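K.L.:
Build the 3D model from these lines:
(chains A and B)
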Amino acid sequence: GEDVEQSLFLSVREGDSSVINCTYTDSSSTYLYWYKQEPGAGLQLLTYIFSNMDMKQDQRLTVLLNKKDKHLSLRIADTQTGDSAIYFCAGNAGNNRKLIWGLGTSLAVNP
Amino acid sequence: DTEVTQTPKHLVMGMTNKKSLKCEQHMGHRAMYWYKQKAKKPPELMFVYSYEKLSINESVPSRFSPECPNSSLLNLHLHALQPEDSALYLCASSGRQGEAFFGQGTRLTVV
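P.N.:
Residues are numbered from 1 along each chain as shown, chains lettered A, B, ... in the order given. A predicted model of the protein is given here:
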C-alpha cells in the first residue's frame, strides 16, 4: 500500500533556510500537501502541489516535486522561531478522499 | 473564510458518560472528516462524509458514532469510552483538490 516517509527531526539556526524532505511510494497521488502543527493546535494547510508540477513557490515557502524519484521537499526561507513546529507531508490516495500521512518532521529553530 | 470550528476545545468525561463533539464549516465543502491524533503522531482517519453520506468508516469501534445533520455540520457522539481513547479529535473539510482544512481540535480526556 501507500507509504510516506519523512525524516523525524531538523534543527536550524534562525535566518537560515530549512529543507524538509518526504518520499512517497504511490505514484497515483494527484496532490501532495504540506501541513504545519504547532503544539496544542490543529493542522494548518501550508501549501499543496499538483502531481504534474515540479515546483510551487508561495512567499517564503518553496515546494519541489521530483516525480521520478517520488521525492517532495518543502523549503522555508529565512526560518524564524515561529516556524518551530511539526511538519507533515501527505498525499491523496486516488479518489477516495483518504490522505496518506508521513510521520512528521519536528523542526527546531535556534536563535 | 477557511475556518473549521470545533467545540468544545477541551472535554473530560468518565467511562460511563455520553458526550458529543461538534464541527462546523461554511466553505461549501461537501466532504467532512473526523480524525484522531495522539501526541506527536500523524492524524488517523476515522470517518469521511461525502455529500452528507458516510463514505468511509475506518473500522472505528461503535462507541464512536458520527452524524452529519447537514452539509455544514458534523457531530461525533461518544459513549462508554476507554482511557486509551484520550486524544486530540480533529474535524476537517476538503475542497475539490482534496485540500483539507482542519479545526483546532477537541482535547479529550477519558477518566
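K.L.:
Okay, and the beta partners of the most centrally placed residue in chain B?
P.N.:
Central residue of chain B (Cα atoms, centre = their mean): B:W34, 3.2 Å from the mean position. Per DSSP bridges, residues listed as beta-bridge partners of B:W34: B:F47, B:C91.
K.L.:
Please report how far it lies from B:S50.
P.N.:
When Cβ to Cβ, to the nearest Å is the yardstick, B:W34 and B:S50 sit 13 Å from each other. Where C-beta positions appear, they are placed from N, C-alpha and C, glycine not excepted.
K.L.:
Likewise for A:T62?
P.N.:
In this view, A:T62 and B:S50 are 33 Å apart by Cβ to Cβ.
K.L.:
Identify the residue of chain A closest to chain B, quick one.
P.N.:
A:W101 (3.6 Å; Cβ to the nearest Cβ).
K.L.:
Quick one: residues contacting that residue.
P.N.:
A:4, A:88-90, B:42-43 (Cβ atoms under 8 Å, 6 or more residues apart in numbering or on different chains).
K.L.:
same deal with A:M55?
P.N.:
Applying Cβ under 8 Å, 6+ apart to A:M55 gives the contacts A:49, A:62-65.
K.L.:
Those residues of chain A touching chain B, which are they?
P.N.:
Taking Cβ under 8 Å from any Cβ of the partner chain, the part of chain A that reaches chain B is made up of A:30-31, A:33, A:35, A:40-45, A:48, A:50, A:86, A:88, A:90, A:92, A:96-99, A:101-104, A:106.
K.L.:
Now do the contacts for whatever residue of chain B ends up closest to chain A.
P.N.:
Among the residues of chain B, B:P42 lies nearest to chain A; the distance is 3.6 Å by Cβ to the nearest Cβ. Taking Cβ under 8 Å, 6+ apart, we find B:P42 in contact with A:88, A:90, A:101-104.
K.L.:
Could you check how far the closest residue to A:R60 other than its chain neighbours is from A:S18?
P.N.:
When the adjacent residues along the chain are set aside, A:R60 lies closest to A:A77, with 4.5 Å between them (Cβ to Cβ, 6 or more residues apart in numbering or on different chains). From A:A77 over to A:S18 the distance is 8 Å, taken as Cβ to Cβ.
K.L.:
Write out the residues of chain B neighbouring chain A.
P.N.:
Taking Cβ under 8 Å from any Cβ as the contact definition, chain B meets chain A at B:4, B:6, B:31, B:33, B:40-43, B:45, B:48, B:50, B:55-56, B:90, B:92, B:94, B:97-105, B:107.
K.L.:
please redo it, this time with the cut-off set to 10 Å
P.N.:
Contact residues (Cβ under 10 Å from any Cβ of the partner chain) of chain B with chain A: B:2, B:4, B:6, B:9, B:31-33, B:35, B:37, B:39-45, B:48-50, B:55-56, B:58, B:88, B:90-92, B:94, B:97-107.
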